[in-house]
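[1] Next one to model:
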Amino acid sequence: MRETITAALKLATKAQDKRRISTLRLVSAAIKDRDIAARTAGKGEATDAELLELFAKMIKQREESEKIYRDAGRAELAQQEAEEIAIIREFLPKQLSEADMQKAIAAAIAEAGATSVKDMGKVMAALKARYAGQMDFAKASAAVKAKLG
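    Numbers count the residues shown, from 1 in each chain. All right, here's what the predicted structure looks like:
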């Protein structure tokens, strides 16, 4: 994952794509921050799964900012956020469709033997382990809660 981002940053630098360069530098800095935090906690480097969570979080932050900018009539800033989202998404695995997400949730509920909302943690842990970076876990959490509730 780190090598892919470094290679993309080199290509963007050669192409002099300013938006891509700045976004990839932000991603690289976030990875380094995560690695430093992991080492401080006595762990090694962040795993690819943790990096996928980090990228999903970065995308979510940018989506919120984009909405705020659009609501405030700042189209140029909203466009900038949208471009950053597209660049970061390139490093995430393909997102599951709504139907695939529902199938994955049903399978995780059956596998965990979940019968009530109390078992939601088990189901979410299974989904996060298997589908890191492939689904929006906020939506998945709401869907799991609806199925178990």
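[2] quick one: contacts for the residue of the chain positioned farthest from its centre?
    No residue in the chain sits farther from the centre than T115, which is 28.3 Å out by CA atoms, centre = their mean. Shown in contact with T115 (CB atoms under 8 Å, 6 or more residues apart in numbering): L148. C-betas here are computed from N, CA, C, even on glycine.
[3] secondary structure class for it?
    Assigned with DSSP: H, G, I helix; E, B strand; the rest coil, T115 falls in the coil class.
[4] what about it, distance to Q134?
    26 Å (CB to CB, to the nearest Å).
[5] List the buried residues in stretch 88-106.
    With burial defined by 16 or more other CB atoms under 10 Å, the residues of stretch 88-106 counted as buried are 88, 91, 96, 101, 104-105.
[6] My error: substitute stretch 45-58 in the last question.
    46, 50-56, 58.
[7] Show me the domain layout of this protein.
    2-89, 98-148 (automatic domain parsing).
[8] Lowest average confidence across these, which one?
    Of all those, mean pLDDT reaches its minimum on domain 98-148 (a mean of 86).
[9] distance between the ends of it?
    One end of domain 98-148 to the other measures 18 Å (CA to CA, to the nearest Å).
[10] All further residue positions should be reported with the first residue as 256.
    In the new numbering, first residue 256, that becomes domain 353-403.
[11] ok now that domain, how far from the chain's centre?
    Remark: domain 353-403 is offset 16 Å from the chain centroid, using CA atoms, centre = their mean, to the nearest Å.
[12] same check, this time on stretch 389-404
    16 Å.
[13] cool, and stretch 264-271?
    Between the mean C-alpha location of stretch 264-271 and the chain-wide mean there is a distance of 24 Å, by CA atoms, centre = their mean.
[14] coming back round to it: could the buried residues of stretch 343-361 go into CSV alongside secondary structure and distance to Y324?
    Formatted as CSV, those follow (DSSP: H, G, I helix; E, B strand; the rest coil; distance: CB to CB, whole Å):
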residue, secondary structure, distance to Y324
I343, helix, 17
F346, coil, 23
L351, coil, 28
M356, helix, 28
A359, helix, 33
I360, helix, 32
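[15] ok so, going back, quick check, nearest of the buried residues of stretch 300-313 to M379?
    Lowest distance from M379 to the buried residues of stretch 300-313 (CB to CB) belongs to E308, with 12.8 Å.
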